[in-house]
Structures are given as structure tokens and as C-alpha cells.
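[1] below are the sequence and a predicted model for it; my questions follow.
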Amino acid sequence: MNEHYIKEEIFNILRILSSDNNLTQRDLSAHLGFSLGKTNYLLKELTKKGLLKIKNFTTKDNKLKKVKYLLTKKGLEGKINLTYHFLKEKEAEYRRLKKEWERLGGVHPVK
């Protein structure tokens, strides 16, 4: 798999979990459009790399175990770094598309 897509997937996981850490793996999988197995794998890998911490808790005895996915300091730094690179790539893509549009004789976009 292309490294760009992997970084974008990680960025999206960190972005979503930083705004709502109460999501289940199933919820996160639906938000991302990934299979549940892929989501599980990525969460485990991000935990191994120290970007996420998984906190287990239950509300009552014999209840289904609940988990929260928390960004670690390293995870927050990673999110910031990936955000920077993601925005730089999107800016470069915009510039390429703008040049292509102009080359094809398109109307210059409003500034």
C-alpha cells in the first residue's frame, strides 16, 4: 500500500479520536469507511507505536467491556505533524490543478 494513503489513514484516525474518544471500533470503522478488521489492526499498531492508549472500563459487573482510545502526547504530536504535511500536500495539489486549469484555457479562479 502507498505510504501516502497509510499516512492519510493514520491522520484520519487521530483526527477523529481527538474530537471524540468515546467511539467504538465499529463507529470509527463506519466513519473511516474501513472494515472492522482493518480498523482493529490500525488501532493496535498505533497503540504499539505509542500514539494511542487504550483505556478499558466497565460500568457494572458482568457488562460488556468498554474501551476508550486516548491520544498520547506522542499521538498528539504525530497528529500535528501529519496535519502539517497533509495541508502542504493539499496546497501543492491545488497549485498543480490551478496550473493545469490555466494551461487548458480555463477561466482564472477568483482570488
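    Structure's in. What do you need?

[2] check contacts around residue 29.
    35-36, 38-39 (CB atoms under 8 Å, 6 or more residues apart in numbering). C-beta coordinates here come from the backbone N, C-alpha and C atoms, glycine included.

[3] same thing with residue 40?
    Shown in contact with residue 40 (CB under 8 Å, 6+ apart): residue 25.

[4] helix, strand or coil for residue 21?
    Look at residue 21: counting by DSSP: H, G, I helix; E, B strand; the rest coil, its state is coil.

[5] ok, it - how many residues close by?
    15 (other CB atoms under 10 Å).

[6] check it and give its pLDDT.
    At residue 21, the pLDDT value in this model is 78.

[7] distance of it from residue 67?
    In this view, residue 21 and residue 67 are 10 Å apart by CB to CB, to the nearest Å.

[8] and of the contacts of residue 29, the nearest to residue 89?
    Among the contacts of residue 29, residue 38 lies closest to residue 89 (CB to CB), at 22.5 Å.

[9] in the helix or strand where the closest one lies, what's buried?
    Using DSSP states H and E, residue 38 falls within helix 36-48. Across helix 36-48, burial judged by 16 or more other CB atoms under 10 Å covers 39, 42-43, 46.
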